[in-house]
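**Student:** What shape does this take:
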Amino acid sequence: MKRREAAVPRGIAHGTPIFAARAEGAILEDVDGNRFIDFAGGIGCNNAGHRAPGVVAAMREQVDAFLHTCFSVAPYEKYIAVAEKLNSITPGTFAKKTILVNSGAEAVENAIKLARFYTRRPAIICFEDAFHGRTMLTMSLTSKTHPYKAGFEPFAADIYRIPYAYCYRCSYSLKYPSCDVFCAQHLEDAFKRVVAAEAVAAVIAEPMLGEGGFVTPPPEFFGVVQDICRKHEILFIADEIQTGFGRTGAMFASERYGVIPDMLVSAKSIAGGLPLAAVTGRAEIMDAPGVGGLGGTFGGNPVACAAALAAIETIERENLSARAVKLGEKFEARARDWKSRFPLVGEARGLGAMRAIELVRSRETREPAKRETEQIIRYCYQHGLIVLSAGTYGNVVRLLVPLVVTDEQFDEGLGILEAAIATVAESSIEAVPRSA
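**Tutor:** Have a look, this model is predicted:
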């Protein structure tokens with residue numbers, strides 16, 4: 001830790017005061033030999049598990065062949081195979097093409113480049129509480145000010161933000177379903193008050209907020225948004241960096257909403273823990289820039305491509321999307337009990353295994369319980385569970401457990417989380433007794 005403080009900038013967060021030594025499946029071990037159940041999964045990068053056997057084998061085989069040539073200089077088959085796979089498994093039956101890059105933020109940047117080039121329009125609409133990355137453009141798209149944006153101004157131009165379907169904290173003080181998803185309809189109002197529809201290249205959205213707190217919109221929300229986009233010939237970009245590859249109970253969360261995006265951005269669990277990201281979209285959009293308009297030195301690294309093919313094959317073969325649904329059902333049952341016993345738990349939400357609880361100091365005022373959330377996170381890692389917070393107010397506990405977690409490991413982890421909630425609730429808000 002002293003070496004870290006001396007060598008690494010303080011701006012890089014350190015969620016748990018441990019250093020990893022090895023990991024397998026859903027278990028992580030630190031340099032002191034402590035065992036942790038991993039409910040963080042490298043922030044959602046390990047849906048197929050730590051060191052998935054097929055992924056490791058594919059990487060070793062590729063390492064024995066070559067490590068890097070740059071696809072733009074000396075192409076290789078695995079890049080093409082990954083593109084073909086993503087073209088086939090992403091929503092939509094139209095012709096698609098895929099570009100591979102290094103990170104989610106780089107993928108978002110390329111999606112925006114493509115949207116602007118194809119439409120010849122400058123403006124981008126994004127949502128409150130969204131997170132799209134830390135580069136200058138993606139930071140401009142990101143909503144949360146501290147710690148992501150404050151002090152890094154000025155931001156990119158022609159980016160406009162509207163409320164997301166955060167029903168627990170509705171921007172319009174309305175109630176679902178009587179609201180008739182007014183927040184989605186508000187997009188039309190934005191064209192009158194904020195930016196002209198004919199100037200908008202794309203709307204970009206996470207089908208379910210990630211860093212913003214795992215906020216899960218009503219089922220009809222994105223259908224309304226996409227219909228409005230089509231009416232005005234605006235592209236819809238789905239940021240599936242955190243929601244993709246089985247996490248929500250489908251290969252991509254867009255499928256859960258019946259949405260077919262014009263472009264889909266993926267990363268994180270795409271390559272079993274290796275850095276890789278992609279933009280997959282309608283062929284005519286992807287082909288719009290001329291030769292040399294897209295690319296990068298390391299994008300689609302051959303070892304990462306080999307890992308991606310194996311990781312996706314593992315997710316499909318082991319039907320991890322269905323596993324995510326079962327894990328989500330288990331969590332939902334436990335979370336209902338927590339909500340009945342602990343006023344600290346304001347809401348439980350999510351899709352598939354992408355689950356969270358939002359913690360509040362009062363259910364009446366919904367005052368965010370940020371300090372209590374930090375205490376719960378600390379209790380968890382002190383008792384062998386790695387878990388992450390999220391949310392604009394820092395009061396959400398989220399689950400990004402590898403989907404290969406065993407029932408025993410998952411139950412043990414939920415038990416630790418329950419004990420943490422109970423301990424913190426007893427010290428801050430009186431708990432309701434458990435029913436017989």
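**Student:** For residue 283, which non-adjacent residue is spatially closest?
**Tutor:** residue 95 (4.0 Å; Cβ to Cβ, 6 or more residues apart in numbering). Every residue, glycine included, has its C-beta placed from N, CA and C.
**Student:** Check whether that neighbour really touches residue 285, as I assumed.
**Tutor:** No - the pair residue 95 / residue 285 is not scored as a contact, 10.5 Å apart, by Cβ atoms under 8 Å.
**Student:** what about those two, which has more around it?
**Tutor:** residue 285 (22 against 11; other Cβ atoms under 10 Å).
**Student:** Next up, the contacts around the more buried one.
**Tutor:** In this structure, residue 285 makes contact with 114, 115, 118, 235, 262, 263, judged by Cβ atoms under 8 Å, 6 or more residues apart in numbering.
**Student:** The second one: what secondary structure?
**Tutor:** Secondary structure of residue 115, reduced to three states by DSSP: H, G, I helix; E, B strand; the rest coil: helix.
**Student:** okay, it: pLDDT?
**Tutor:** Looking at residue 115, its pLDDT reads 98.
**Student:** what's the spacing between it and residue 231?
**Tutor:** 17 Å (Cβ to Cβ, to the nearest Å).
**Student:** Neighbour count: those two, which is higher?
**Tutor:** Neighbour count, other Cβ under 10 Å: between residue 115 and residue 231, residue 115 has more, with 26 against 11.
**Student:** what's the span of stretch 253-273, first residue to last?
**Tutor:** In stretch 253-273, first residue to last residue: 20 Å (Cα to Cα, to the nearest Å).
**Student:** Check which residues of that stretch are buried.
**Tutor:** 253-257, 259-273 (16 or more other Cβ atoms under 10 Å).
**Student:** can you check stretch 274-287 too?
**Tutor:** Applying 16+ other Cβ under 10 Å to stretch 274-287 flags 274, 275, 276, 277, 278, 279, 280, 281, 282, 285, 286 as buried.
**Student:** Among the residues you listed, which are located in strands?
**Tutor:** 277, 278, 279, 280, 281, 282 (DSSP state E).
**Student:** which of those residues sit farthest apart?
**Tutor:** Using Cβ to Cβ, the two most remote members of these are 277 and 282, lying 18.5 Å apart.
**Student:** ok, residue 296 - contacts?
**Tutor:** Taking Cβ under 8 Å, 6+ apart, one finds 101, 102, 106 in contact with residue 296.
**Student:** now the angle from the one helix or strand the last one maps to to strand 277-282?
**Tutor:** Using DSSP states H and E, residue 106 maps to helix 104-119. Using axes from the mean of the first three to the mean of the last three Cα atoms, to 10 degrees, the inter-axis angle of helix 104-119 relative to strand 277-282 is 30 degrees.
**Student:** Now the element after helix 104-119, going C-ward?
**Tutor:** strand 123-127.
**Student:** tell me what that following strand is packed against?
**Tutor:** helix 104-119, strand 159-162, strand 200-205 (3 or more Cβ pairs under 8 Å, 6 or more residues apart in numbering; DSSP states H and E).
**Student:** Relative to it, what are the paired strands and their orientations?
**Tutor:** strand 159-162 (parallel), strand 200-205 (parallel) (DSSP bridges).
**Student:** What residues sit buried inside the shortest one?
**Tutor:** In other words, strand 159-162. Buried, per 16+ other Cβ under 10 Å, within strand 159-162: 159, 161, 162.
**Student:** and of those residues, the nearest to residue 41?
**Tutor:** Taking the buried residues of strand 159-162 together and measuring to residue 41 by Cβ to Cβ, the closest member is residue 161, at 28.8 Å.
**Student:** Distance check, that closest one against residue 376.
**Tutor:** In terms of Cβ to Cβ, residue 161 sits 30 Å off from residue 376.
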